[in-house]
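In: Turn this into a model:
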Amino acid sequence: MDGLEEGIRLFRLKRWQAALEKLLQVDTGGFGVAENTELAYYLGLCYTKLEHYDDALLYLEQVITAAADPLRIYQCRMTLSYIYVTTRRFKLAEFELGRLVSGGFESVQIFTTLAYAAWAQRQYQRAVDYYERALEIDQNNTTALNGLGYILADSDIDVQRGLRLCRRAVEKRPQNGAYLDSLGWAYFKGGDPNEARIWLRRAFEIAPHQREIKEHMKIIVGDS
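Out: Numbers count the residues shown, from 1 in each chain. This is a model prediction of the structure:
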């Protein structure tokens, strides 16, 4: 177990590559199901951190098949959904998260990830519904406040409420470029381009290379 424990220690120190190398060298000759499952879990996490997603999927799927601990299964399905969202395989992300919800799990992270996947597929009302469920769990969650506010404003479902929600997100996280961008865009959608420019410029100062901020700058400010 020494190699496994050392690999886990390195992982917790965020030394992803060193942890991976140590874990790949572990002698599994005397391992039972529990030890092999633990090894597969940390290999999957290391590959995820290193953005080797196809390798990560193989190990995380092994854990879901073999693990008896519901929390470990929850962690693996959340990681799988992250990988699928990152690689724009939104239907697969929805499948993993749907399995969690049907199994009795509910969390802000589940619903905000489902909301983002729905938004990316232009299913705006579904995204709104998921963000609403996230806010039922935590009414001050900034990811849900910002996400819901942006969609309500951008899709013209309820621009004024969207503006209020975006303001709340910025009040809680005033240095978050994405939130500043959402607020600026909500002001623009609400017919206040002057206020929109103020917030878009602040967003651009913080995150000048973020694609969506640059696009909004071109529309509202006229430069980037």
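In: SS state for Gly29?
Out: coil (DSSP: H, G, I helix; E, B strand; the rest coil).
In: Next, count neighbours for Gln75.
Out: For Gln75, the neighbour count with other C-beta atoms under 10 Å is 18. Yep, even glycine has a C-beta here, placed from its N, CA and C like the rest.
In: can you check Glu38 too?
Out: For Glu38, using other C-beta under 10 Å, the count is 19.
In: Now do it against Arg12, distance only.
Out: Glu38 is 14 Å from Arg12, where distance means C-beta to C-beta, to the nearest Å.
In: same question, Arg77
Out: 21 Å.
In: With Arg126 instead?
Out: For Arg126, the distance to Arg12 - C-beta to C-beta - is 37 Å.
In: higher neighbour count, the two?
Out: Legend: neighbour count by other C-beta under 10 Å for Arg126 and Arg12, higher for Arg126 (16 against 10).
In: so where does that one fall, helix or strand?
Out: helix 124-137 (DSSP states H and E).
In: next one: Arg9
Out: Here Arg9 is assigned to helix 2-12, by DSSP H and E.
In: For that helix, buried residues please.
Out: By neighbour count with 16 or more other C-beta atoms under 10 Å, helix 2-12 contains the buried residues 4, 6-8, 10-11.
In: Could you do stretch 200-216 as well?
Out: 200, 202-204, 206-207, 210, 213-214, 216.
In: Kindly report the same for stretch 159-171.
Out: 159, 162-163, 165-170.
In: Kindly report the same for stretch 33-41.
Out: 36-41.
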